[in-house]
Every structure is written in structure tokens, then in C-alpha cells.
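S.K.: From the sequence below, what's the structure:
(one chain, ligands or ions: 1)
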Amino acid sequence: MFEVKDLSCRRSGKDILLNASATFNKGDITAIIGPNGAGKTTLLKCLAGFLKPSQGEVMLNGKPLSSISLKDRARKISFVPQATSPAFPLTVFEMVMHGRRPYVNWGIGKKDRRIVTNLLKKLHIEELSGCFLDEISGGQKQKAAIARALAQQTEVILLDEPTSALDIRYEYEVLQIGRDLAKKEGRTVIMVLHDLELAARFSDRIVLVNNGRIFFKGRPDEVMTQEHLRKVYEVNTVVEQGTAGMKITVTSPVKRGGEINETVIDNS
Ligand SMILES: Nc1ncnc2c1ncn2[C@@H]1O[C@H](COP(=O)(O)OP(=O)(O)OP(=O)(O)O)[C@@H](O)[C@H]1O
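M.R.: Here you go, the predicted structure:
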């Protein structure tokens, strides 16, 4: 079980995440949604152990993350950032092989090469294997970053807007890969998404973040209500449940300085 308890994060003297508590179950996909600047990436980086909370703990299987060595952490939690820009030139193959580092003691073995080759095929980037990262497109780089995280073979996979640069086919494929990892392999998949309809369709649970706090969490149908979307995104919407999933149509922005109730609902 992966959870955060009463987590806060302070940066540059400012509280950017406050009192966040949430549980992420094995075999579930959780989407973290919320407006720009709400604190989604901050929460994800705290979950990855990249940002040190100013209060609270991230717990993995009953152990505080801070008590787990960096090498062990890298075998348990992988993270796909919003953008990838390595400090030195790397080919796609080398970048994905980086995901095997937590397992490599005496050099890269046959098994590592096989895992990387299979992932390049799975994400349809095997023909780019020898290309340097600055020779490929943003979407192709995004797929390579996802492949690197999958090469880590972790029980928790964190993805920050993993489909932002992908066309609709790969967007679907990547989300389906995430779903398979959760449902077929029992992994814990947590991803920041901006597309609310995709979040509703592919996730089991949704955490809605606003102003550095968890505003609401629950099943997609519990979270995606006209009231929540109006309070958090300041838009009026029509939310419909169809056979192909949830359809969310924005009908108008809510007037600024109007009736928005800023109350935090956090339904822990
Ligand atoms: N290094 C930092 N120092 C100070 N404030 C920061 C820092 N990084 C982010 N912030 C602030 O923290 C808040 C939350 O940022 P975060 O990146 O977590 O938001 P987000 O919800 O992921 O946004 P987006 O959807 O735009 O990517 C923002 O107001 C941002 O300006």
C-alpha cells in the first residue's frame, strides 16, 4: 500500500501543498487532476521522494519513504517527468537502459538488453533506438521516458502528464498500458492528467487538487460533478455519463468575483 499522511510541502518560503492525505491501492490507477498551479506535480514529486515534505510522510508498504535507500526506492518507485532533458547526449536505447540501473551491479546483461528491446517495441520506438534524444520529437521523447520508467519494473509508477505530447492513438495506447500494469500486474499507477474525460475513463480513483490542497477524492463519478468542477475550475459544465465514458462539456466560465465557494471539501 502506498499512502501519504498529512503531507505538506514548502518551497521558497511558500506552502504549495497542505495537509494532503490519500491512499493508493495496488492494482488501481489514480488520476491526479486540478487546475494549473494547483500542486499536482508537487504532490507527485513528494510521492517519488524527489521533494522533501515539510510535514507528514509518504509511506510505502508501512515504511516511511525517507527510511528506504535510494537504490531500493528506485526498484520500487518510477517517475516519468513532464519533460526530459538529459545533461549529456544519450540515445533512446541508452536512456531506456538507464531504467535498469537499480538492478545493474557488474554491467548490463542479456536480460537488461532484452527488457529494453521489448519495451522499445511495446512503445513502437524500436526504429529510434540509435537516435539521440535531440533528434526525435517531443512525443517520441515522451514514449522513451515512459519506457525508461517501465524498465525499472517498479510496483509504483508515477507519471506526470504522460500523454501531453502524444497523438490520440498513442495517448490511448499509453493509458491502456498503464491500465494493464495496474489490472494485470497489480501495480500502483498514479498519473497527473489534464484531460478530465480520459481521467474518468482510465482511472479507478481521482484525486482533485486545488490551491495546494486535496479538494475531493473518490471514484470518477463522485469527483466529476458539476459542483466540484465549478468550484475548482471556475467553469459551468454539463457532465453526462454515456456508454463510451464520461462526457464533460464546458458551457461557460463562472464570473470572477462571483459566487464561488472556496471551501475545501477534502472527504478523507
Ligand atoms: N521551485 C518552486 N519554488 C516556489 N514555488 C514553486 C516551485 N515550483 C512550483 N512552485 C509553485 O507551486 C505551485 C504548484 O506547482 P505545481 O507545479 O505543483 O502545479 P501543477 O498543479 O502541477 O500545475 P500545472 O498543471 O500548471 O503543471 C505553483 O503555484 C507554482 O508556482
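S.K.: how close does F202 get to P162?
M.R.: Per Cβ to Cβ, to the nearest Å, F202 is found 11 Å from P162. (Each C-beta comes from the backbone N, C-alpha and C, glycine too.)
S.K.: Identify the contacts common to the two.
M.R.: Residues touching both F202 and P162 by Cβ atoms under 8 Å, 6 or more residues apart in numbering: G178.
S.K.: The nearest residue to I125 once chain neighbours are set aside - how many residues pack around it?
M.R.: Among residues not flanking I125 along the chain, K143 sits closest, at 5.1 Å (Cβ to Cβ, 6 or more residues apart in numbering). Residues lying near K143 (other Cβ atoms under 10 Å) number 26.
S.K.: Spit out the contact partners of K143.
M.R.: L123, H124, I125, L166, Y170, V174.
S.K.: Quick check: phi and psi at it.
M.R.: Dihedral angles of K143 (phi, psi; degrees, to the nearest 10) stand at phi -70, psi -40.
S.K.: next one: T23
M.R.: According to degrees, to the nearest 10, T23 has phi -120, psi 140.
S.K.: what do you get for K71?
M.R.: Torsion angles, degrees, to the nearest 10, at K71: phi -70, psi -40.
S.K.: Name the residues of stretch 78-86 that are buried.
M.R.: Applying a neighbour-count criterion of 16 or more other Cβ atoms under 10 Å, the buried positions in stretch 78-86 are S78, F79, V80, P81.
S.K.: do stretch 21-38 as well
M.R.: Applying 16+ other Cβ under 10 Å to stretch 21-38 flags A22, F24, D28, I29, T30, A31, I32, I33, G34, P35, A38 as buried.
S.K.: which stretches of the stretch 151-268 of the chain have low pLDDT?
M.R.: Low-confidence segments of the stretch 151-268 of the chain (pLDDT under 70): 257-268.
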